[in-house]
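Asker: what's the 3D shape of this:
(4 chains)
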Protein chains: 2
Amino acid sequence: MQESGSGNNTKKLILKASMELFSELGYKAASVRKIASKVGIRESALYNHFTNKEEIFTAVAATLFATPTSAKQSELSIAERAKGGKKFLFSFIVGYKLMTFDAKNERLFRILMIELLQNKTIRDSFKSEFHNNNIKMLSEAFFVMMQEDLIRSGDPKLMAMEFLSPLFYLRLQVTLMKVDGEPTTALSTQFEKHLEFFWESVAI
Amino acid sequence: MQESGSGNNTKKLILKASMELFSELGYKAASVRKIASKVGIRESALYNHFTNKEEIFTAVAATLFATPTSAKQSELSIAERAKGGKKFLFSFIVGYKLMTFDAKNERLFRILMIELLQNKTIRDSFKSEFHNNNIKMLSEAFFVMMQEDLIRSGDPKLMAMEFLSPLFYLRLQVTLMKVDGEPTTALSTQFEKHLEFFWESVAI
DNA sequence: TATAGATATGAACAACTGTTCATATAAGAA
DNA sequence: TTCTTATATGAACAGTTGTTCATATCTATA
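Answerer: Numbering: from 1, shown residues only, chains lettered A, B, ... in the order given. Sure thing, here's the model as predicted:
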């Protein structure tokens, strides 16, 4: 090993630098040379760790989606926790809000949105991990709440969509504001307001 | 004038070709040469109509956002039409659905999403035209509906957000499906289901 | 018909792209 | 120490990028 890389973690450094550059510039503009330069090596050295640029990006995307969506906070099953009704939804909101305002996850979301319409790998990840997991989890929760007569009956999946969509939209707004360095305090309280509105809509 | 361009509308042809390429490839990959080639001229000829690539993109974006959001369908004011309650919301949904599944507007949405996090001009347009107009319009409508005792009282802007977010999320999903050539029939009925759910949530 | 203005062309530019290659250097195993 | 393996380097490649320029050609006006 030469300088720069402190050991065998050059690969990790590449992933770190790549994630930052991809999120800042997007796939195309985050060139192999810029990535290498950020790591402190030449671009040719990158090819000892990855076969091509696409593989770097796929690896970055994989680490991004590996982040748990705030699912396993406790040992209790979703069905069990869902019996808490509004309490469960509140904890979900708190987790989602934390993700939205966390700098690292903010980058995640940026790069996701940037590549969503250009990269099929990202699209597939979004559909399975990001979207379906949340919808599936919430659907299960709403199904339980219906059985427990906490909320009015209906299609659990539809309710999951209705609950999640405004959160997603808020997250997009927050991300857009932060990109331009605008304050997001006004949006901060919107998350709880959404919960209030939603619960008033479905609670029995 | 040489061949290709049938008259003085080369500028329009450039905008048309640009829009298609921008939406397919994004800003970076839609090169000046590709645009020129699509029009049927050399890249140097483009510079007789636009000073640089950025100006082409800005012009495209301007024409995109110039499309009315289905606001002025009739001569009646929003306040007047809002008295229709669910009927008004249904007409909004129909308009939004039409936009979502219209090929041209689909492209609009794609390019918008692609550049949303990379281009400040687009971001500003999104915030003012795309977002605020809809929210403002819907807020006014919900305010009227509250006065008419058609819906429960609350923050009209919050309701507008709750009503619009799922539509936006659906639109994004449809766009993603179409990009990969997947069928969108399953999502098609979701628009009306959202209206049913929402109206049941707020109607008195 | 002569002239002016708009619009076309092709060549060139400097910079950047992803990738490959022969080669050098370092660390660990024999 | 010697040999192997991993990782670094710098140069080179063939394309592509946005932009400029002198020059040619078309159209409309005088």
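Asker: Chain A - how does it break down into domains?
Answerer: A:10-60, A:67-202 (automatic domain parsing).
Asker: can you tell me which of those comes nearest to DNA strand D?
Answerer: Closest approach to DNA strand D among those (Cβ to the nearest atom of the strand): domain A:10-60, 2.8 Å. Bear in mind the C-beta positions are built from the backbone N, C-alpha and C, glycine included.
Asker: how long is that closest one from one end to the other?
Answerer: 14 Å (Cα to Cα, to the nearest Å).
Asker: Count the residues that sit near the closest residue to A:N105 other than its chain neighbours.
Answerer: Spatial nearest neighbour of A:N105, excluding adjacent residues (Cβ to Cβ, 6 or more residues apart in numbering or on different chains): A:M99 at 4.5 Å. By the measure other Cβ atoms under 10 Å in any protein chain shown, the count of residues near A:M99 is 18.
Asker: what about A:M99, which helix or strand?
Answerer: helix A:86-101 (DSSP states H and E).
Asker: Packing partners of the following helix or strand past that helix?
Answerer: Counting by DSSP H and E, the element after helix A:86-101 in chain order, helix or strand, is helix A:103-115. Judged by 3 or more Cβ pairs under 8 Å, 6 or more residues apart in numbering or on different chains; DSSP states H and E, the packing partners of helix A:103-115 are helix A:10-29, helix A:53-66, helix A:86-101, helix A:156-179.
Asker: Single out the most deeply packed of these.
Answerer: helix A:156-179 (a mean of 21; mean count of other Cβ atoms under 10 Å in any protein chain shown).
Asker: worst-scoring helix or strand of chain A, pLDDT-wise?
Answerer: One helix or strand of chain A scores below all others by mean pLDDT, DSSP states H and E: helix A:120-125, with a mean of 75.
Asker: In the helix or strand following that helix, which residues are buried?
Answerer: Following helix A:120-125 in sequence order, the next helix or strand is helix A:133-147 (DSSP H and E). For helix A:133-147, burial by neighbour count (16 or more other Cβ atoms under 10 Å in any protein chain shown) applies to A:134-135, A:137-146.
Asker: from the middle of its chain, how far away would helix A:133-147 be?
Answerer: 19 Å (Cα atoms, centre = their mean, to the nearest Å).
Asker: what does stretch A:142-153 give?
Answerer: Centre to centre, stretch against its chain (Cα atoms, centre = their mean), the figure for stretch A:142-153 is 27 Å.
Asker: picking up where we left off before, between the buried residues of helix A:133-147, which is nearest A:K83?
Answerer: Set against A:K83, the nearest of the buried residues of helix A:133-147 by Cβ to Cβ is A:V144 (6.3 Å).
Asker: where does the closest one sit relative to A:L76, distance-wise?
Answerer: 12 Å (Cβ to Cβ, to the nearest Å).
Asker: Turn the buried residues of helix A:133-147 into a markdown table, columns for distance to A:T175 and pLDDT.
Answerer: Below are those laid out as a markdown table (distance: Cβ to Cβ, whole Å; pLDDT from 0 to 100):
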| residue | distance to A:T175 | pLDDT |
| --- | --- | --- |
| A:N134 | 17 | 85 |
| A:I135 | 21 | 91 |
| A:M137 | 22 | 92 |
| A:L138 | 22 | 94 |
| A:S139 | 26 | 95 |
| A:E140 | 28 | 95 |
| A:A141 | 26 | 96 |
| A:F142 | 27 | 97 |
| A:F143 | 31 | 97 |
| A:V144 | 32 | 97 |
| A:M145 | 30 | 97 |
| A:M146 | 33 | 97 |
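Asker: on that earlier part again, and the least confident helix or strand of chain A, what does it pack onto?
Answerer: helix A:53-66.
Asker: one step back: which of the domains of chain A comes out lowest on mean pLDDT?
Answerer: Lowest mean pLDDT within the domains of chain A: domain A:67-202, at a mean of 87.
Asker: between the domains of chain A, which one is nearest to DNA strand C?
Answerer: Nearest of the domains of chain A (Cβ to the nearest atom of the strand): domain A:10-60, 3.0 Å.
Asker: Sweet, I'm off.
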